[in-house]
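Visitor: dropping the sequence and predicted coords here.
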Amino acid sequence: MIKLSKTSKLDGIMSWSLQALDTCPGSKDSTGNLVPACQGCYATTGNYRFANVKKPREFNREDWKRDSWVNDMVLALDSSRYFRWFDSGDMYDLRLAERILMVMVRTPWVKHWLPTRMHKFDKFKSVIRDMQGLPNVVVRFSSDSVTGGVIEGLNTSTIFSDALPVNAFECKAYQHEGKCNGCRACYDKSVSVIAYKAHGVKMAKVIKIVAMQ
Ligand code: SF4
């Protein structure tokens with residue numbers, strides 16, 4: 001049985017998620033420390049600490065290994081028009097990435113948005129390229145920056161606190177009580193860079209520390 005999640009932000013659009021950090025090898029730098037964006041990660045605080053939120057994410061970590069998982073995911077997306085991968089967590093295993101690609105290929109009626117830091121690892125480059133080649137898929141590379149640093153890539157995202165990065169599309173969810181409110185820019189290939197305004201106490205602390213460095 002596929003376990004999808006629905007976050008209040010996404011206008012009812014469903015996600016398939018894993019536990020944050022445990023499945024985010026791209027969250028650490030070469031010294032083993034969390035990169036700034038992951039130090040302020042929303043998915044390690046608030047509701048994400050509750051057992052009923054953690055449970056499906058832990059379940060999914062094993063569930064994707066089932067032979068019929070791809071088929072079941074395709075069926076689960078039968079009536080979806082938009083889908084977000086990884087409201088929390090990341091596609092930490094190459095075999096998982098290959099299965100996600102199969103789901104994307106078999107659901108051309110769905111616009112998939114997959115934010116990731118797995119582009120940092122060479123062995124994922126080929127599967128990510130295949131995903132990017134699909135007309136219904138946006139793989140959005142997440143920047144580690146919390147001060148608007150933009151990374152290379154077809155579609156990327158960053159976090160900013162003061163000035164909006166040049167040519168970036170500003171996520172306006174903060175103007176709509178934290179909800180997308182009909183915006184679908186993250187799923188749109190023509191939107192190169194999305195910039196999310198930093199929010200939350202934890203992120204404010206991270207920005208303060210980064211500013212002092
Ligand atoms: S940019 Fe648009 S689609 Fe993306 S998170 Fe913000 S409001 Fe939602």
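Guide: Now that the structure is in, tell me what you want to look at. Residues are numbered from 1 along each chain as shown.
Visitor: which bits of the chain sit near the ligand?
Guide: 171, 172, 173, 180, 183, 184, 185, 186, 194 (Cβ under 6 Å from any ligand atom). Any C-beta I mention is one placed from the backbone N, CA and C, and that applies to glycine too.
Visitor: residue boundaries of the strands in this structure?
Guide: Along the chain, counting by DSSP state E, strands occupy 5-6, 14-16, 82-85, 111-116, 137-142, 156-160, 169-170, 193-197.
Visitor: what does the second one rub up against?
Guide: Just to be clear, that refers to strand 14-16. 2-7, 60, 73, 80, 83-87 (Cβ atoms under 8 Å, 6 or more residues apart in numbering).
Visitor: OK, contacts around the most centrally placed residue in the chain?
Guide: Geometric centre of the chain, nearest residue: residue 115, 3.2 Å, by Cα atoms, centre = their mean. Applying Cβ under 8 Å, 6+ apart to residue 115 gives the contacts 84, 85, 86, 140, 142, 157, 186.
Visitor: just the helices from this structure, written as ranges.
Guide: Secondary structure of the chain (DSSP state H): helices at 36-39, 51-63, 69-76, 94-106, 125-132, 201-212.
Visitor: kindly reformat those as CSV containing mean neighbour count and distance to residue 28.
Guide: Formatted as CSV, the helices of the chain follow (neighbours: other Cβ atoms under 10 Å; distance: least, Cβ to Cβ, whole Å):
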stretch, mean neighbour count, distance to residue 28
helix 36-39, 21, 8
helix 51-63, 14, 18
helix 69-76, 17, 27
helix 94-106, 18, 18
helix 125-132, 16, 19
helix 201-212, 14, 15
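Visitor: out of the contacts of residue 115, grab the one that's most surrounded.
Guide: residue 142 (27 neighbours; other Cβ atoms under 10 Å).
Visitor: circling back to that earlier point, restricted to buried residues, select the residues of the chain next to the ligand in PyMOL.
Guide: Buried members of the residues of the chain next to the ligand, defined by 16 or more other Cβ atoms under 10 Å, are picked up in PyMOL with:
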select buried, resi 171+173+180+183+186+194
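Visitor: returning to that earlier point: out of the strands of the chain, deepest packed?
Guide: strand 137-142 (a mean of 25; mean count of other Cβ atoms under 10 Å).
Visitor: now for that one, which elements pack on it?
Guide: Applying 3 or more Cβ pairs under 8 Å, 6 or more residues apart in numbering; DSSP states H and E, we find strand 137-142 packed against strand 111-116, helix 125-132, strand 156-160.
Visitor: quick one: the longest one to strand 137-142, angle?
Guide: Computed with axes from the mean of the first three to the mean of the last three Cα atoms, to 10 degrees, the direction of helix 125-132 lies at 130 degrees from that of strand 137-142.
Visitor: tell me the mean pLDDT over helix 125-132?
Guide: Per-residue pLDDT values across helix 125-132 average out to 98.
Visitor: residue 200 contacts residue 41, doesn't it?
Guide: No: here residue 200 lies out of contact with residue 41, judged by Cβ atoms under 8 Å, at a distance of 9.5 Å.
Visitor: so those two - more neighbours on which side?
Guide: Under the criterion of other Cβ under 10 Å, the comparison of residue 200 against residue 41 puts residue 41 first, with 20 against 13.
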